[in-house]
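J.: sequence first, then the predicted structure, then my questions.
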Amino acid sequence: MKALLILLATSAIYFIGAELDVFERLVLVSLTHPGLLLGDILTLVLASGVTLPLYVALVVWRKHRMRIALDRSTADADNAKRLDMLTGLTNRQSLIEAIDARGSTQELPPSLLVIDLIGMRAINRHHAHNIGDQVLVEVANRIRQASHESDLVARISSAEFAVLLGADRHRKSGERLARHLIETIEVPIQIAHRTLGVRANIGLAPGPERSLEDDALLCAERVLRETTGPGQFRVYDVDTRARIQREDLVRESLKRSIAQDEVEPVFQPIVNLETHRIDGVEVLARWPQCRHRISTFDYILAAEREGSIGVLTDLILAKACRALSQLDADLWMSFNLSAQQFTDADLPDRVLSTLSLYGIETRKFVIEITETAVMEDMHVAERVISTFRDAGVKIALDDFGTGASSLTLLAQLPLDRMKIDQTFVSHIETNTNNAQIVTSMLVLAEGLGLTAVVEGIERPEEHDFLVARGCRYGQGYLYGRPCSAAMLPHRLAIGPDFLRLLDAAG
Ligand code: C2E
Ligand code: MG
Ligand code: MG
């Protein structure tokens with residue numbers, strides 16, 4: 001065949017050469033250039049007649065090969081953009097595109113499962129990396145097998161997978177699949193004579209429970225973070241949506257109030273029940289400019305989550321110290337500190353220098369800590385507490401009785417005060433359980449040499465009950481609600497509300 005082609009090509013060249021009088025022209029060239037022999041020229045022409053078609057064929061073939069290679073590498077690059085190279089699953093970016101595409105073409109937003117693998121870090125730490133890779137490949141296969149053919153399975157981060165459910169599959173199918181996946185992923189994996197185990201937590205964001213503007217991936221990942229242990233799944237439902245929106249609102253207003261310095265301290269009287277004097281005040285944070293009804297508790301929680309509790313504390317403490325330094329009153333100040341702050345080694349230095357800046361004596365300063373605050377890291381907390389105590393600051397255990405480890409803390413920590421939580425005070429004169437609990441707490445405080453302060457006293461009957469049990473300090477709406485720095489001199493001048501009436505009466 002090739003020989004025939006060559007023969008044909010050579011003949012064509014001769015034919016074209018003859019047609020164009022090429023040979024006559026060659027004779028002419030050889031006559032006008034005596035150095036060139038006609039035989040050489042003819043050999044050249046003959047040789048090119050054979051090689052030229054070969055050369056042309058070679059060039060065409062090479063070009064064809066190059067096009068195939070180029071097409072293949074373009075396809076590879078496209079795949080690299082769309083796929084996770086280890087498992088061959090869709091990657092995060094393509095999943096997002098698929099979610100967007102589905103959202104814009106269908107009535108209901110698509111439903112999405114996000115699966116978090118637990119145990120991968122330990123496997124990677126204790127075994128070669130390729131073992132971890134094989135575990136991921138095996139899990140990917142299990143998820144693929146468990147999913148419906150209309151589902152899209154993706155790997156969205158090193159140890160996170162997702163399943164975008166088919167168009168007609170929503171909450172029920174998602175819950176069924178989640179349960180099945182938790183079980184199937186837990187089945188031990190055999191790799192190179194080793195038996196390895198991973199577990200999964202799953203967040204499900206069903207389409208019908210969201211609006212089209214809600215980001216499916218964000219919702220599923222958010223609800224996934226609410227799982228508390230391995231082998232659990234949570235569903236993003238209407239309640240979750242409302243809670244998350246609320247959290248966002250709190251976070252935004254917290255950010256704004258810190259940036260614009262809108263947080264203010266208020267002061268609630270702590271009353272000496274023997275002398276009827278206001279001996280101290282508890283500093284509580286308030287956001288007077290906030291248009292939404294957000295409780296202090298929620299603000300503090302958001303500040304802890306956002307990592308801004310330190311800045312917030314500094315602002316409140318400085319303002320509270322300034323307000324008290326301008327008063328001519330013998331008062332102690334009780335100040336709340338949050339859980340995370342006990343891991344901040346600079347905390348004592350910052351607090352003590354603020355006190356000294358405003359001339360507040362350390363012996364008149366009380367730090368209120370909660371059980372959760374202390375339990376985060378007992379050793380660090382002990383160190384921080386000791387630094388404060390060495391400087392003369394007093395320590396109160398706040399909300400006593402509400403946590404699970406109150407007694408352990410009483411035994412372990414150097415404390416000065418016990419604040420008995422308001423939940424035990426309500427209707428104490430008729431609620432025999434509360435009566436018994438508070439009476440025992442007062443005895444316990446006395447036995448340990450701690451000053452007891454009872455919180456949340458609202459009714460005269462509660463006051464009478466506590467006084468009869470020898471309670472020394474009380475705090476609550478009955479004596480006075482928290483008031484602003486501007487109102488504090490007036491509050492100190494008139495004294496505690498109920499006790500003032502009591503004194504007047506008798
Ligand atoms: P807490 O330290 O136990 O403060 C006492 C809470 O009980 C205050 O709520 C106070 O307003 C409220 N209270 C006082 N008397 C009564 C009463 O008779 N009846 C009732 N029902 N409530 C009463 P508030 O101000 O909303 O603070 C809630 C919690 O937020 C505080 O509980 C404290 O744990 C935290 N908190 C407040 N301000 C700060 C702060 O500046 N820093 C930190 N870390 N936490 C703070
Ligand atoms: Mg407190
Ligand atoms: Mg309290």
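T.: Nice, I can see it. Numbers count the residues shown, from 1 in each chain. Ligands and ions are numbered 1, 2, ... in the order given.
J.: show me where pLDDT drops low in the stretch 101-250 of the chain?
T.: Applying pLDDT under 70 to the stretch 101-250 of the chain picks out residues 212.
J.: for this structure, which residues are neighbours of ligand 1?
T.: Counting by Cβ under 6 Å from any ligand atom, the residues of the chain close to ligand 1 are 268, 284-285, 295-297, 300, 316, 336-338, 368, 398-399, 422, 455-458, 475-477, 482. To be clear about C-beta, it is placed using only N, CA and C from the backbone, and glycine gets the same treatment.
J.: now, of those residues, which are buried?
T.: 268, 284-285, 300, 316, 336-338, 368, 398-399, 422, 455-458, 475-476, 482 (16 or more other Cβ atoms under 10 Å).
J.: out of these, which sit inside strands?
T.: Judged by DSSP state E, these include 268, 284, 285, 336, 368, 398, 399 as members of strands.
J.: what's the most distant pair in those?
T.: Distances among these were taken as Cβ to Cβ; the most separated pair is 285 and 399, at 16.1 Å.
J.: in the stretch 1-150 of the chain, which spans are strands?
T.: Using DSSP state E, counting those that start in this stretch, the strands of the stretch 1-150 of the chain run over 90-91, 112-118.
J.: oops, could you answer that again for the stretch 151-300 of the chain instead?
T.: With strands called from DSSP E, counting those that start in this stretch, the stretch 151-300 of the chain shows them at 152-157, 160-164, 189-191, 194-196, 199-205, 233-235, 264-272, 278-286.
J.: got the residues of the stretch 401-506 of the chain near ligand 3?
T.: Applying Cβ under 5 Å from the ion, we find that the stretch 401-506 of the chain lies next to ligand 3 at residue 455.
J.: three-state assignment of the nearest residue to residue 342 once chain neighbours are set aside?
T.: Nearest residue to residue 342 in three dimensions, chain neighbours excluded: residue 381, at 4.4 Å (Cβ to Cβ, 6 or more residues apart in numbering). Three-state assignment for residue 381 (DSSP: H, G, I helix; E, B strand; the rest coil): helix.
J.: was I right about residue 381 contacting residue 344?
T.: No. Shown here, residue 381 and residue 344 do not form a contact pair, counting by Cβ atoms under 8 Å, at 11.0 Å.
J.: mind checking which of these two has more residues around it?
T.: More crowded of residue 381 and residue 344, by other Cβ atoms under 10 Å: residue 381, with 21 against 17.
J.: quick check: the more buried one vs residue 270, distance?
T.: As judged by Cβ to Cβ, to the nearest Å, residue 381 and residue 270 stand 24 Å apart.
J.: try residue 177
T.: From residue 177 to residue 270 the distance is 56 Å (Cβ to Cβ).
J.: list the contacts for the residue minimising distance to the centre of the chain?
T.: Geometric centre of the chain, nearest residue: residue 225, 7.4 Å, by Cα atoms, centre = their mean. Residues in contact with residue 225 (Cβ atoms under 8 Å, 6 or more residues apart in numbering) are residue 203.
J.: for it, phi and psi?
T.: When read as degrees, to the nearest 10, the backbone of residue 225 gives phi -60, psi -10.
J.: could you list the low-confidence segments of the stretch 301-450 of the chain?
T.: For the stretch 301-450 of the chain, applying pLDDT under 70 flags the ranges 373-376, 404-405.
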